[in-house]
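Visitor: Give me coordinates for this.
(chains A, B and C)
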Amino acid sequence: MEKILNKIEELKKLKPEMFGKDYLLTWEKSQDDLEAILLVAEILKEMHKENISTKIFDSGLAISNFRDNSTRTRYSFASATNALGLTVHDLDEGKSQIAHGETVRETANMLSFLSDVIGIRDDMYLHEGHKYMETVAASVQEGYDKKILHNRPTLVNLQSDIDHPTQSMADLAKLKDYFGGLENLKGKKIAMTWAYSPSYGKPLSVAQGMIGLMTRFGAEVVLAHPEGYELLPEVLEVAKKQAEESGGKFSVTNSMEEAFTNADVVCPKSWASMEVMVKRPPLLHANDIEGLNALEKTALEQNAQHKDWECNEHMMSLTNNALYMHPLPADISGVSCEEGEVTEKVFDDNLYDTYTQASWKPFIVESIILLQKIANAPEKLEAMVNNGKKRLEA
Amino acid sequence: MEKILNKIEELKKLKPEMFGKDYLLTWEKSQDDLEAILLVAEILKEMHKENISTKIFDSGLAISNFRDNSTRTRYSFASATNALGLTVHDLDEGKSQIAHGETVRETANMLSFLSDVIGIRDDMYLHEGHKYMETVAASVQEGYDKKILHNRPTLVNLQSDIDHPTQSMADLAKLKDYFGGLENLKGKKIAMTWAYSPSYGKPLSVAQGMIGLMTRFGAEVVLAHPEGYELLPEVLEVAKKQAEESGGKFSVTNSMEEAFTNADVVCPKSWASMEVMVKRPPLLHANDIEGLNALEKTALEQNAQHKDWECNEHMMSLTNNALYMHPLPADISGVSCEEGEVTEKVFDDNLYDTYTQASWKPFIVESIILLQKIANAPEKLEAMVNNGKKRLEA
Amino acid sequence: MEKILNKIEELKKLKPEMFGKDYLLTWEKSQDDLEAILLVAEILKEMHKENISTKIFDSGLAISNFRDNSTRTRYSFASATNALGLTVHDLDEGKSQIAHGETVRETANMLSFLSDVIGIRDDMYLHEGHKYMETVAASVQEGYDKKILHNRPTLVNLQSDIDHPTQSMADLAKLKDYFGGLENLKGKKIAMTWAYSPSYGKPLSVAQGMIGLMTRFGAEVVLAHPEGYELLPEVLEVAKKQAEESGGKFSVTNSMEEAFTNADVVCPKSWASMEVMVKRPPLLHANDIEGLNALEKTALEQNAQHKDWECNEHMMSLTNNALYMHPLPADISGVSCEEGEVTEKVFDDNLYDTYTQASWKPFIVESIILLQKIANAPEKLEAMVNNGKKRLEA
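Guide: Have a look, this model is predicted:
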């Protein structure tokens, strides 16, 4: 309990400005915002462990809008909102009347009359996902300004085409825990590398989220991928600028070996080529199943030219005894596919670390929403801890 | 807060008889029932605005059974029941064993052991939707009478083939607010008119709900549609009778212009022809996709002969500066379709009004359920307001 | 209320060991476990009737994983967890990333960070469903042991290939209530018989659950089915052994008449032949729709050779005025099918009994979870009853 109270004291020193704000891109957030998110997540995790209720809502809805499949982010959103006292209402666009010519502005308002949070995943439509979120945000802002809505629900980006900011913050929480403090990231070599996958053409936003966040803490961030697998130039710019400002480094290479050499952290993870990403949205809009299948075939053929981009024992031996990270699920050679992102040996050796990395996401989401909804978070957390209401009253 | 307490005082003067009763058709409800629904909805809306909890249940389930797509009614039911402390359990007939030859009586009872409310949408099956609801109601009544069920869950019609009574009451709430009191509807001209839609053959119950409700307040209600788009004769009878009793008028015309001329309220909204509505149920039962597609084509071809039934600036200029109403989503010419129910200009000019019209629905649903479950609603509301439990305890 | 307190006193005399344990097979559970489940279910049912809250959780998730259709078990899980204060998060494998090569171990852990219970239905994969549950259980145990999870969520088998232990315990609750005590099952003849169904090839686990449970109370349990419709040999072994130990009898016959003669309880219910059950899993894995349809055709053709296995008035006349049981939905001749498991007359005559039989399931599920989560159940129940918090605060 002292551990919790100490963290609350730390939190009091920060000046986050998340109250009432959306959470779309980490690089729009201040250093204090990020540190507060981590601290609150740590506090909430500890409260859960100690069986202390974290409910701040008596009732209320959290809207989820998943435009791509999801297991763990869906769960994270469900568990985070539940722990705060909200209930998820899923906007299943198939079951809705959205096909009947409804505008985003309208749907956003119609689902916000009694809602507190809106979580959106839209990661497959390059140049569109983030814009969709901005349109939803502007729509509910307009509704609030015009007094159509009593409250302005806040948005949480559950993965866009640009950023995956609940994932990257969960990763940062893991790194803080692993290295014993954010300050210890200074000078660490973090390798965000492409890896081979036979499963499907994956979004870019995990890699983009990583370089867009980890460059802020003085680390040496290296991005590695085969030619043709470039990330969005605007994110590369962000990473470069942030690395300079933080006294760190940011570089891009086409060599996985180079990235792994002496790395303290490696995150080998597949994504689709830029060509595939660019061609996909029009086909999705046209619901052109055949075209999508053909494109998918292309994606996998392109990937298959880089089967050597696998995280195996040899690759790990190049590192500085690196922490292996993955947002999961990984394509594990010999387990979930013949050849994939990582060998079974490396994956299994690092199971505790990838699973605890994942364990942060519900608490990161919960933390973000709490900071959006509670103006004075330390005071509220302190009150809850002192009150000591049990989650399970056994 | 005084505003809320004043409304509670008003409520005390009414003698609603909704406790333990189903809510299927507005015309089965007394004037006091309707006025109580409006007042309680206004109180609940104000409580939400003031961040006061409206939870009356500690736990419990609200069953939803949607036999047609829905965005806003689904949301309204979810948010209303959540605000009262219930959790929605959706009967997804696809995922259930209903295909395995289960009877309505059985399913109704099986889903009621711990349920408090059942919300049903069944609007595409003419001459069947309402009957289905009556069968469910009779089944749970039988279960309760035979002591199979501890509680008799109450039904809420979320749109049948005959009425859409949560929609029409939300509309009435808007009209009361807009004109400053129900008594001000006296003598107002309300035009419920057909409008052209290219999207699909829509149910009749919005229009039927409107004429079945608005004729009770001394208004001059005009129904307008092309030939072949008649509504159910029994509802026309109800409208006629009620208009007489309330000192208002009810007439039917085939001219949109006539209906709009000097109207104080216009509600231009598409529905399918009676021919289409009659032919649809057997095809739905046979799951005859081809037949349904062919019928849908017929529906749209029939509609297309009446593209001039559009609510545009010219039409609006005929009115007495009328309030434009629509249950949403509207088919907006040049936005959600090439030619539709309403022009973008008219729609956008009236956005605040249609959106606030929609904002009433969650509170109307919540009000109905509260009145079904609480014998002495004013006392309970007063206790909640005085207790002042916050919804978000910030 | 005295009734409830008396049952709590009875409960105090038992020494169940369910706390923190999974619930997969009734025959793994002690006599005290089973008796405690019944008593707690009776108490919870009475508390519901008396409008007393049974919430023990302030927040938390209950994961459901249905690998087969379900209406009433899905509802039972939803209502039971809701009554305890948990919210269901459904793992819809279609919407998840499970297709993307995730392992069971991983998914199990990823959905357990903030979860208290996991309910699984996996009844169509012979020799696999139960194993799947064991794998999930081992996975979360590993996660807990490795300090990846704060809590070890407990499993509830919502029907496997081997047992359907929430169904059989609901059936036992009905029998206890019907005969006025478990001790009165001694010497009663209970006939678990196959019956003809034209609907689909049903799982074996209802019949297996029945013989695996009812043989523990000194009853004479007779299993009857046509040749080729054998149950799993390991369950037959269990039944035989238990009958011996309890001073009862267990026999198998191919004659429905023999089983019905002088029976005190009959449970005529269809299941697929062993041949069909064995051939199905590989086709399901291959997603071989054509093969599955062909197999289904075979299943129904096999069934159709035994249309005389119908529970009708003649059959009932052979019994000792037997209680008719069915887990529902039944295939009712002339109602849900032309010829089926039971005639309309017999079904309707016994409606109250089958419906109240079904009414136990939510409370059985709730009881099991409560016993898994609360070390001292009598004390907790007593506290809740004395505290008297209303479920609906009217």
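Visitor: rest of the way, CA atoms for contacts and neighbours
Guide: OK.
Visitor: Residue ranges of each domain in chain A, please.
Guide: The record's domain parsing of chain A by automatic domain parsing lists A:2-163+A:361-387, A:173-356.
Visitor: per-residue confidence averaged over the longest one?
Guide: The average of the pLDDT scores along domain A:2-163+A:361-387 is 95.
Visitor: packing partners for the lengthiest helix in chain A?
Guide: Ranked by number of residues, the top helix in chain A under DSSP state H is helix A:351-373. Using 3 or more CA pairs under 8 Å, 6 or more residues apart in numbering or on different chains; DSSP states H and E as the contact test, the elements touching helix A:351-373 are helix A:31-49, helix A:72-84, strand A:154-160, helix A:165-179, strand A:323-324, helix C:104-110.
Visitor: Run me through the strand neighbours of the fifth one, direction for each.
Guide: The strands beside strand A:323-324 in its sheet (DSSP bridges) come out as strand A:265-268 (parallel).
Visitor: could you point out which element follows the partner strand?
Guide: Toward the C-terminus, strand A:265-268 is succeeded by helix A:274-285 as the next helix or strand (DSSP states H and E).
Visitor: can that next one be found next to chain B?
Guide: No: under the criterion of CA under 8 Å from any CA of the partner chain, chain B is not reached by helix A:274-285; the shortest gap measures 15.1 Å.
Visitor: Taking the stretch 201-350 of chain A, what residue is nearest to chain C?
Guide: Residue nearest to chain C within the stretch 201-350 of chain A (CA to the nearest CA): A:Ser336, separated by 4.6 Å.
Visitor: unless I'm mixing things up, that residue is touching A:Phe347, no?
Guide: No: the criterion here is CA atoms under 8 Å, and A:Ser336 misses it with A:Phe347 at 11.7 Å.
Visitor: Up against chain C, what does chain A have?
Guide: Counting by CA under 8 Å from any CA, chain A sits next to chain C at A:48-49, A:53, A:55, A:69-72, A:75, A:78-79, A:82-83, A:85, A:199, A:329-331, A:336-337, A:352, A:355-356, A:358-359, A:362, A:390-394.
Visitor: among those, which ones are buried?
Guide: Burial by neighbour count, judged by 16 or more other CA atoms under 10 Å in any protein chain shown, picks out A:48, A:53, A:55, A:69-72, A:75, A:78-79, A:82-83, A:85, A:199, A:329-331, A:336-337, A:355-356, A:358-359, A:362, A:390-392 from these.
Visitor: sorry, back to before: gap between the longest helix of chain A and the chain center?
Guide: Helix A:351-373 has its C-alpha centroid displaced from the chain centroid by 9 Å (CA atoms, centre = their mean, to the nearest Å).
Visitor: What residues sit buried inside that helix?
Guide: Quick answer for helix A:351-373 (16+ other CA under 10 Å): A:351, A:353-373.
Visitor: could I have it exported to PDB, CA atoms only?
Guide: C-alpha atoms of helix A:351-373 as PDB (Å, rounded to 0.1, in the frame of the first residue of the first chain):
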ATOM      1  CA  LEU A 351       7.400 -15.700 -22.600                       C
ATOM      2  CA  TYR A 352       7.300 -14.000 -19.200                       C
ATOM      3  CA  ASP A 353       8.400 -10.700 -20.700                       C
ATOM      4  CA  THR A 354       6.000 -10.600 -23.600                       C
ATOM      5  CA  TYR A 355       3.100 -11.700 -21.500                       C
ATOM      6  CA  THR A 356       3.800  -9.100 -18.800                       C
ATOM      7  CA  GLN A 357       4.400  -6.600 -21.600                       C
ATOM      8  CA  ALA A 358       0.800  -7.400 -22.700                       C
ATOM      9  CA  SER A 359      -0.500  -7.300 -19.100                       C
ATOM     10  CA  TRP A 360       0.100  -3.500 -19.100                       C
ATOM     11  CA  LYS A 361      -2.400  -2.700 -21.800                       C
ATOM     12  CA  PRO A 362      -5.700  -2.900 -19.800                       C
ATOM     13  CA  PHE A 363      -4.100  -0.700 -17.100                       C
ATOM     14  CA  ILE A 364      -2.800   1.800 -19.700                       C
ATOM     15  CA  VAL A 365      -6.200   2.100 -21.300                       C
ATOM     16  CA  GLU A 366      -7.800   2.500 -17.800                       C
ATOM     17  CA  SER A 367      -5.200   5.100 -16.900                       C
ATOM     18  CA  ILE A 368      -5.800   7.100 -20.100                       C
ATOM     19  CA  ILE A 369      -9.600   7.200 -19.500                       C
ATOM     20  CA  LEU A 370      -9.200   8.000 -15.800                       C
ATOM     21  CA  LEU A 371      -6.900  11.000 -16.700                       C
ATOM     22  CA  GLN A 372      -9.500  12.100 -19.300                       C
ATOM     23  CA  LYS A 373     -12.300  12.000 -16.800                       C
END
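Visitor: Tell me the helix or strand right after it.
Guide: Proceeding C-terminally, helix A:351-373 gives way to helix A:377-387 as the next helix or strand, assigned by DSSP H and E.
Visitor: In that next one, which residues are buried?
Guide: By neighbour count on 16+ other CA under 10 Å, the buried set for helix A:377-387 is A:377-381, A:384-385.
Visitor: near chain B, from those?
Guide: Near chain B, by the rule CA under 8 Å from any CA, you find A:Lys380 out of those.
Visitor: what's A:Ala263 in contact with, if anything?
Guide: Applying CA atoms under 8 Å, 6 or more residues apart in numbering or on different chains, we find A:Ala263 in contact with A:188-191, A:318-322.
Visitor: Buried members of those into PyMOL, please.
Guide: Here is the PyMOL command that selects the buried residues among the contacts of A:Ala263 (16+ other CA under 10 Å):
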select buried, chain A and resi 188+189+190+191+318+319+320+322
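Visitor: if you look at the contacts of A:Ala263, which of them are in helices?
Guide: Per DSSP H, the contacts of A:Ala263 map to helices at A:Leu318.
Visitor: Can you lay out the contacts of A:Ala263 as TSV showing distance to C:Ile37 and pLDDT?
Guide: Putting the contacts of A:Ala263 into TSV (distance: CA to CA, whole Å; pLDDT from 0 to 100) gives the following:
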residue	distance to C:Ile37	pLDDT
A:Lys188	56	98
A:Lys189	56	98
A:Ile190	53	98
A:Ala191	54	98
A:Leu318	57	98
A:Thr319	55	98
A:Asn320	55	98
A:Asn321	52	98
A:Ala322	50	98
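Visitor: Of the contacts of A:Ala263, which pair is most distant in space?
Guide: In the contacts of A:Ala263, two members sit farther apart than any others by CA to CA. They are A:Lys188 and A:Leu318, at 15.0 Å.
Visitor: Quick check: which ranges of the stretch 251-394 of chain A have low pLDDT?
Guide: Within the stretch 251-394 of chain A, no stretch falls below the threshold (pLDDT under 70).
Visitor: Single out the residue in it that lies closest to chain B.
Guide: Across the stretch 251-394 of chain A, the shortest distance to chain B (CA to the nearest CA) belongs to A:Ile374, at 5.5 Å.
Visitor: Would you confirm that that residue contacts A:Phe19?
Guide: Yes: look at A:Ile374 against A:Phe19 with CA under 8 Å: they come within range, at 6.5 Å.
Visitor: Would you mind naming what in the stretch 201-350 of chain A lies close to chain B?
Guide: On the criterion CA under 8 Å from any CA, chain B has no neighbours in the stretch 201-350 of chain A.
Visitor: Tell me where the stretch 201-350 of chain A has helices.
Guide: Secondary structure of the stretch 201-350 of chain A (DSSP state H, counting those that start in this stretch): helices at A:205-214, A:233-246, A:256-260, A:274-285, A:289-304, A:313-318, A:344-349.
Visitor: Packing partners of the shortest one?
Guide: Judged by 3+ CA pairs under 8 Å, 6+ apart, helix A:256-260 is in contact with strand A:189-193, strand A:220-224, helix A:313-318.
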